[in-house]
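In: Okay, predicted coordinates and the sequence, questions at the end:
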Amino acid sequence: MAEGQSVSDRGVRRIFYFTKEKVSSDWRDLAFHLGFEQADIDNIEGKNRDDKSRCMDLLEEWLKCNGDRATIEVLMEALSEANLQSTVDGLKSKYPELNAPLSRSQLERKVDGGHLPEKKGDRNEEDMSIENAFLGSMRKYYELRLTKFKPLIWNDNFAPTIDDLFTELNFSSGNIKRLDDLFNSNTSEQSVARRFILIEAEPGGGKTTFMTKEALDAVSQKTELGKRHNIVLLIRLREVREGESIEEIVWDQCVDETTEGVDAQSIKTILQRNPSRVLFLLDGFDELHPKAKADRQAIPKLLSGKVYPNSTIVITSRPAAGVQQYAQPDYRASIIGFSFKHVMEYIGQYFTVVGNQDLAKTLIGHLEDDGILRDLVENPMFLTLVCVLWEEDQAIVSAGTMTGLYDNLQTCLIKKHCKREGVDMPTDGIPSDLGRALLQLGKLALEALLRKEIQLDIAEVERKNVNWVLLLKLGVVFSEATASKLHPRRQLTFAHKTIQEYLAGRYVASVVLNHDIIDLLKLTTVSNVLEHSNLLQFTCGSSDSRAAQAVMEGLANISSKKYEGLQVENVTKLDWPWIPRQEACKGYNGFARLCLDILNERMEPGVLQAVRRALPFMVSHNAINSRQHAALKYYIQNIQPSAQYLHKMALDMGGPSQFVTAQVLQFLEQTFQSPTPGLVLDLSLSGLFLGAPELTERLVSVLKHVPGLRRLNLSQTYQYAPSLQPIIDAFSHTPMLEELDLSWMDLGDDEIEVVQAGLKRLPHLAVLHFKADIYEQEITITAEGMSRLAHSMRKLTGLRELDISSNAIGDDGMEHLADVLPIFTAMQILVLAQVGMSIRGLRKLVHALRFLTGLLKLDISENHIGDIGLECLADILPSLPAVKVLELRKTGIGDKGMSALVRALPYLMELQVLDVSENHIGDSEIVALVQTLCRSSSLDKEQNPLVGSHVKELDFRENIGLTAAGIERVSQIIRLPALTTLRMSTYPEVLTHLPDTAAMAVADALHRLPALERLHLGYISMEPAGFQAVVQAAEEHPTLRKLWYTKEGVPEGVDTTASCLTWSRTLKRYSWQKVPEWMNDPKAIFQMIAGAATTLMSADFHVFGTNVFRPK
């Protein structure tokens, strides 16, 4: 061993645990004497939940920052200076070797001061001078480069400061309006980590402007973000090249090259010296060169925490650009554009700068009347273009399409150019030299887009004989020296990426009739298609409608492969585990919106037919923009009835809370203005307030125009008999209705009577939902109500799905239901969870189940049937071989009942989901369950498959008898090839400790579960080695995305940065079972009840913006 190694960084870490335990709440004093500044101390305090964790974080940070200089001698000296001598004495007692005298080399280092930590005052003057020069240069560099905002490159006179034109943007996340809000104690939880923040927006949505503003405010310390981080590094990712280090990128983009003493090495030293004070603002991940995205490149290493792990990162990107493949963001938000209030402010500021306030008033008035244009200007870039056009010629603003707006902008620029150059503007087009140059530029723009670049090398442009000087005069591009000091070159930059896409779209439209659009744009997947959505819209919006048809035909070829066999249920039936959750489903909504955007650009029969070929069915919702809504209306109004082909559509109107009932009804009224006999519609109105007759009458007028209504979801629409009656009466106009959802409504006797009459009008009804909430609702279906419903259901012989869960029908109601169930021989899904059923009701149910041989799902959770009940059910399970989902959660079953179920499992060879959680099952029967699922079936002699070969979800969590030994044994034997979700959390009264042998068994089990995506290990604790083994196995698993674990069970000092780790509910959630102290005070109870009564008597109910009195 080298001299002094025992007291080097190898040895210092081994005393951290003892130090942390002894120092605890005095960690701040120790931090001061270790050289930490107040801001660093505050940062450590905010990141950790208790003093011991903060102390450990402090020690690790100190070691990381000081390396070889972080020795035991330095730490003990700091402890003594902090008046923590008892800790020093304890260390010497626990580690006797610390009492030995220092070696010669250690004494020399002590005399030289080389071992001391770097306090602010200890840094030599040269280091301080370089750091100050770096910070000063960075601040000045930003102020010179960023303060002047130039949104219109072709107008040199219009160069206001960013403060003149910048207004707050709307974020998709509640009260978050700025990055600052994430670090402000008034708007966010300080305990939540904020290291990695992803902000997404569509092109032109304001990402770059937003980041620029944040950078300027941060370096000026106007914001909380700036106060927490004294090093603010704004990096335009499009300038980053393969092979560059973070320090080289910073030098390249954040400081002036003439700053003396600042180079990549000194920047590295500065960043390492201030690990938690560094803020990276990374702008435009979607513009990062593909080669710079490789795993070992600088930006991926930064995102994944391999370099500067204690820094804060904010990154902007277009949606779906792939940021998450490197790390999961701690916070994610979307810039969704300007509200109309912000639009008015922006217009006012714009025309104040140009000196014509009257135009601001007229433009605002025009926007109030033009819904399509008002929708366009939510995008800041489009709003700027509209302001330019309004200033030039108010008649050309209302284009109605995105392409039309850019066409008018191009015409405006060409007119200005012709006027400046003294050239006549043709009446039927544009000057030929300009037209030729623009098409040439469009080709180069397309090539750059496919390379994911927005700049053109001037040398390359000149080689292509493009008249780029003419294009500069026109104003669609501008010339600049690259911002990179490492790779200086002259380049052409488009005024905005959407202008690049527009010019590329014009070129594609000119050649697409002679080329395959798929080959031309290298489109191989729907993801590629969505990535080029703007380009495709501009292509289809060109003057030649044949181009739009050619594009849509190409998209139809891609969609026919991607969406072959896709049905509406794949998108709407999210609770059917046996329907594959294909990747196709994830992109289908976006693809449908793109088709609507294209249809809006070119509303012509040929394009409409191509859209229909590209979409197996239409999906939409009330949150679509007005351009998409216009296209949707055109789509519906031009449906041609056909006996051979019916047009299917799923329309979800139960959107975010800001879409109040009046807006939804207006949307529907505008969409279905006349009868649509060729349309089959699935309509969801879940969550909207329809509890007044005047509202439901408006809905009825819509339903009368949709005779092909197939599905109607009225769940939680606050209906009572008077408002429900008109809808039920309208069923005579919708005889094809197959699915009706009346869940979460107070269905009392009057409402049941209304529903009874309606069911008689629906001969084709196949799906019926009456799900309730027995804890929240005052009124649910009773045994008497079930009796009346059962009588009216007798003619629904085609019923295949019934959900009556959480209604208090009890055993008597079950008897009424069981009497009618045998009629429903087509039944596939039966949900009877939490209906108050006991063994008596179950026996009736079991008798009826014998007739439902095609049953796919049975859910009787939260009914206390006990072991006897499960034994009765197990007896008839062999007669239900098609069952795919069996849910028995919280049914009071124990080992005896579980043993009966295990014996029946070999008959359920199609089983995909089994839930026996929150019961009284012990280790032996849980092990027997898993053993049975993992053994070969004796019933199939030829194929010999595993009993559980199809099982996707297995849930035996929170069983009282489940112990560490049971988890270990299960982990040793489990091997299920299709399993995606395994829940084996223990009972949540106390943490169950897994020894290393059990933890290692869990880690080994992951290799035998190749499809696993989610693993739940809640209310469990482990040793550090076992925990790290499980986490490492989870991280290395090819499909595992989520490892659920309870925070209290995390061993001290282990790494918890794994992307798969997700924190489950803590033991604190069970604290409600303890009686609060105030309940022992009768006076407090009386005051609470009296206050509540006063509130109820004086207030009416406020639902979705409408004040209503709840009917008695």
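Out: Yes, it's here.

In: Counting neighbours, what do you get for T1039?
Out: 12 (other C-beta atoms under 10 Å). From N, CA and C alone the C-beta is placed, and that goes for glycine too.

In: Looks to me like it is in a helix.
Out: No. Under DSSP: H, G, I helix; E, B strand; the rest coil, T1039 falls outside any helix and is assigned coil.

In: just use 48 as the starting number from now, easier for me
Out: Sure thing, new numbering starts at 48, so read that last one as T1086.

In: Phi and psi next, for it.
Out: The phi/psi pair for T1086 (degrees, to the nearest 10) reads phi -120, psi -10.

In: That one against L1059, yeah?
Out: Yes. Applying C-beta atoms under 8 Å, one finds T1086 in contact with L1059, separated by 6.2 Å.

In: Return every residue with contacts to both of these two.
Out: Common neighbours of T1086 and L1059, counting by C-beta atoms under 8 Å, 6 or more residues apart in numbering, are T1027.

In: Spell out for me which residue occupies the centre of this protein.
Out: Centroid-nearest residue in the chain, with C-alpha atoms, centre = their mean: R379, separated by 7.2 Å.

In: Isn't that one up against L229?
Out: No. The pair R379 and L229 fails to qualify as a contact (C-beta under 8 Å) at a distance of 11.1 Å.

In: Find the residues that touch each one of those two.
Out: By C-beta under 8 Å, 6+ apart, the residues touching both R379 and L229 are I244.

In: Scan the protein for its longest helix.
Out: Taking DSSP state H as the criterion, the chain has its longest helix at helix 172-193.

In: name the helices or strands packed onto that one?
Out: Applying 3 or more C-beta pairs under 8 Å, 6 or more residues apart in numbering; DSSP states H and E, one finds that helix 172-193 makes contact with helix 254-266, strand 278-283, helix 293-301, helix 311-320.

In: weakest of these in terms of mean pLDDT?
Out: Mean pLDDT values for those show the minimum at helix 254-266, a mean of 86.

In: Between strand 278-283 and that helix, find me the angle.
Out: Here the directions of helix 254-266 and strand 278-283 differ by 160 degrees (axes from the mean of the first three to the mean of the last three C-alpha atoms, to 10 degrees).

In: Return the distance of helix 254-266 from the chain's centre.
Out: 24 Å (C-alpha atoms, centre = their mean, to the nearest Å).

In: which other helices and strands contact it?
Out: When contacts are defined as 3+ C-beta pairs under 8 Å, 6+ apart, helix 254-266 packs onto helix 172-193, helix 209-212, helix 271-275, strand 278-283, strand 325-330, strand 359-364.

In: Name the surrounding residues that touch the longest one.
Out: If I follow you right, that is helix 172-193. By C-beta under 8 Å, 6+ apart, helix 172-193 touches 170, 209, 259, 262-263, 266-267, 277-281, 301-303, 306-309, 313-314, 316-317, 320.

In: next one: the third one
Out: The contact list for helix 271-275, computed with C-beta under 8 Å, 6+ apart, reads 86, 89-90, 226-227, 230-231, 261, 264-268, 279, 324, 326, 359.
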